[in-house]
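S.K.: Here is a sequence together with a model predicted from it:
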Amino acid sequence: MNERIRLRAMRGIAAVLLGSIASTGVAAEANTAAPCEVGSYAMADGSALDIAAAEPGQLRWRRTDGRSGALKPQGHGRWTSTLGWTDKPDGHRVAIRDCGRDGLRFDAIKGKRIALAQTDTRFEGSGVELAGRLTLPPGEGRVPIVVLVHGAEHTSALERYSLQREFASQGIGVFAYDKRGTGTSGGRYTQDYLTLAVDAIHALHEAQRLAGARAGRIGYQGGSQGGWVVPLAARIESVDFAIICFGLAVSPLDEDREAIASDLQRAGFDSEAQAKAMTISDAAAAIVESGFTEGYDRLAEVKAKFGNEPWFKSVRGNISGYLLETPVDTLRKDGRALVEGIPVRYDPMPVLHNLSVPQLWILGGQDRDAPPVETLHRLAALQADGRPITTALFPNAEHGMYEFETKPDGERPSTRQPQGYLDLMVDFIKDKPLAAAYGNAQMGAHR
């Protein structure tokens, strides 16, 4: 199967978070032992700089303002940088001496490694053993704790999640864990939201146990598919806060329909074309719900009827785009595994209607994989009904909360994360009054 098609399928109904890698051009980082330079560094200008593993032989830097770049070695501890996840030189130069033990220099700014305290652990999830890590900032005082909940990626959170260090460098304790069937955790990979929510609750308990007297207020942060899992976990067992990033308040199938409508709107097609395109999503839903055993004739009829219309080639969607481009024999063979365990008609609204936990929803205005319009509408209704929800829309951000460039073929290589994105989450976790502005975010129900 064409790899781009496979990624499109997985970032859609099966794996919205994977879209933050595939659709924004964010390169997958290496699944190897962390280079010795990896860590958070306190910079002389008062900010923090994170150094993470990237592709083999490379590192990635991230500043607290959202800027990022890939570092390529030049010898003798010197590295040159390219902009975001593009191949364009950005002029930054980094020097890291003695694996960071002697600090680093980012351009003219010096930095020293922050002595974060990390404890690796293995704990029981829902019937499986999971691998986790607690990262605490220096000191002995109480700190808020945030548990990082996965999207639908198959990679190791312990290796990949730079937020472990980025939050900890801001005085927040962080618990990350490899979801079942990934990294060094046991069990079979699944996308069943209830199972994953129970695993998240076990992770929270383990975080509290390890943090002991240092544990203050505690809650979750989850991206993409985590937007369905986090509220469910918080409803089963209440927490102090919940952060949902580029997640949705609609079902996976409704996500597909909204993505198709957004595709055609961007391409300039009217409501009549959008209504016709919904027949593609309906046919795709029938195939998915049959376990990829039935419904192919219906999809073929839709393709025959509308395949030559001008709007048809603009349909990208999520699962629909994959079904349109993939041979039936391949679908029958591979399709079911891509969506196994997903409750495709899962309605998150009953949980959200009954959730009293303070929530921060952060959405991207240019998100093609998880379009935010209907979710914002539903969240506004919940806010009006008294639910403790704050929303923030970063208008130029794609899925994964990345700003981007657009190539002639429509691909979107990422350049950075929005200014204010990290600061907003930090303030919410610490229960600080929110600032008047976080970059260009459009705030709703500001508390």
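M.R.: That came through, no problem.
S.K.: Please make it C-alpha for all contacts and neighbour counts, starting now.
M.R.: OK.
S.K.: just so I have it, where are all the helices in the stretch 51-200 of the chain?
M.R.: Here the stretch 51-200 of the chain has its helices, by DSSP state H, counting those that start in this stretch, at 157-160, 163-168, 193-211.
S.K.: May I have the longest one as CSV, with CA atoms only?
M.R.: Think helix 193-211. These are the backbone C-alpha positions of helix 193-211, laid out as CSV (Å, rounded to 0.1, in the frame of the first residue of the first chain):
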residue,chain,number,x,y,z
TYR,A,193,-11.4,4.6,24.4
LEU,A,194,-12.7,3.0,27.6
THR,A,195,-9.7,0.7,27.9
LEU,A,196,-7.3,3.6,27.3
ALA,A,197,-9.1,5.8,29.8
VAL,A,198,-8.8,3.1,32.5
ASP,A,199,-5.1,2.8,31.7
ALA,A,200,-4.8,6.6,32.1
ILE,A,201,-6.4,6.4,35.5
HIS,A,202,-3.8,3.7,36.6
ALA,A,203,-1.1,6.0,35.3
LEU,A,204,-2.4,8.9,37.4
HIS,A,205,-2.4,6.7,40.5
GLU,A,206,1.2,5.7,39.7
ALA,A,207,2.2,9.3,39.3
GLN,A,208,0.7,10.2,42.7
ARG,A,209,2.5,7.2,44.3
LEU,A,210,5.9,8.1,42.9
ALA,A,211,5.5,11.9,43.6
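S.K.: Name the SS class of Ile218, please.
M.R.: Secondary structure state of Ile218, per DSSP: H, G, I helix; E, B strand; the rest coil, is strand.
S.K.: Not counting sequence-adjacent ones, nearest residue to it?
M.R.: Ile145 (4.7 Å; C-alpha to C-alpha, 6 or more residues apart in numbering).
S.K.: now the one you found: how far from Leu136?
M.R.: 9 Å (C-alpha to C-alpha, to the nearest Å).
S.K.: Now do the shared contacts for those two.
M.R.: Common neighbours of Ile145 and Leu136 (criterion: C-alpha atoms under 8 Å, 6 or more residues apart in numbering): 172-174.
S.K.: Just name the closest of those residues to Leu434, please.
M.R.: Set against Leu434, the nearest of these by C-alpha to C-alpha is Ile172 (16.7 Å).
S.K.: separation between that closest one and Val426?
M.R.: Computed as C-alpha to C-alpha, the Ile172 to Val426 distance reads 8 Å.
S.K.: cool, and Asp282?
M.R.: From Asp282 over to Val426 (counting by C-alpha to C-alpha), the distance is 41 Å.
S.K.: Same question for Asp98.
M.R.: 31 Å.
S.K.: The two: who's more crowded?
M.R.: Using other C-alpha atoms under 10 Å as the criterion, Asp98 and Val426 rank with Val426 on top: 20 against 12.
S.K.: Surely the more buried one and Ala168 touch.
M.R.: No. Val426 lies out of contact with Ala168 (C-alpha atoms under 8 Å); the separation is 9.9 Å.
S.K.: tell me, how many neighbours does Lys88 end up with?
M.R.: Neighbour tally, Lys88, other C-alpha under 10 Å: 13.
S.K.: OK, contacts around the nearest residue to it once chain neighbours are set aside?
M.R.: Spatial nearest neighbour of Lys88, excluding adjacent residues (C-alpha to C-alpha, 6+ apart): Thr82 at 5.1 Å. Counting by C-alpha under 8 Å, 6+ apart, Thr82 touches 69-71, 88-92.
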